[in-house]
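**Student:** okay, here's the prediction I keep looking at, along with the sequence it came from:
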Amino acid sequence: MAEIKYEIQETIGSISQSPKGWSKELNLISWNGKAPKYDLREWAPEHEKMGKGVTLTVEELKELRNLLNGLEL
């Protein structure tokens, strides 16, 4: 399997942290040298390991925001 290269260009924030120290974060990340996308996933404390996540374009992030704003919580 090919190595995945990434560069965290901006840390937006952390949503939660597990007892093992992993943090669920929203970041702006460039994957394999491509244009950066917004990324939501779990990270080990020093970002040396990552869990599965989802990447979103600006347009997708805006649509997600609109959906969340419409929820009654």
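**Tutor:** Arrived safely. Bear in mind that the values here come from a model prediction, so they are computed numbers and not experimental data. Numbering: from 1, shown residues only.
**Student:** what's the helix or strand harbouring Leu67 in contact with?
**Tutor:** Element membership of Leu67, judged by DSSP states H and E, is helix 58-69. Here helix 58-69 makes contact (C-beta atoms under 8 Å, 6 or more residues apart in numbering) with Tyr38, Leu56. For every residue, glycine as well, the C-beta is placed using N, CA and C.
**Student:** run the chain-centre distance for it.
**Tutor:** Here helix 58-69 is found 14 Å from its chain centre; the criterion is C-alpha atoms, centre = their mean, to the nearest Å.
**Student:** quick one: residues contacting Lys24.
**Tutor:** Shown in contact with Lys24 (C-beta under 8 Å, 6+ apart): Ser14, Ile15, Ser16, Gln17, Ser18, Leu40, Arg41, Glu42.
**Student:** I should have written Arg41 there, sorry.
**Tutor:** Lys24, Glu25, Met50, Gly51, Lys52, Gly53, Val54.
**Student:** now render those as a markdown table, adding secondary structure, pLDDT and distance to Gly33.
**Tutor:** As requested, the contacts of Arg41 are arranged in a markdown table below (DSSP: H, G, I helix; E, B strand; the rest coil; pLDDT from 0 to 100; distance: C-beta to C-beta, whole Å):
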| residue | secondary structure | pLDDT | distance to Gly33 |
| --- | --- | --- | --- |
| Lys24 | strand | 98 | 25 |
| Glu25 | strand | 98 | 21 |
| Met50 | strand | 96 | 17 |
| Gly51 | strand | 97 | 22 |
| Lys52 | strand | 97 | 21 |
| Gly53 | strand | 97 | 19 |
| Val54 | strand | 98 | 20 |
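**Student:** pull the most distant pair out of the residues you listed.
**Tutor:** Taking C-beta to C-beta as the measure, those span a maximum distance of 13.4 Å, between Glu25 and Lys52.
**Student:** neighbour count for these two, which is higher?
**Tutor:** Glu25 (22 against 6; other C-beta atoms under 10 Å).
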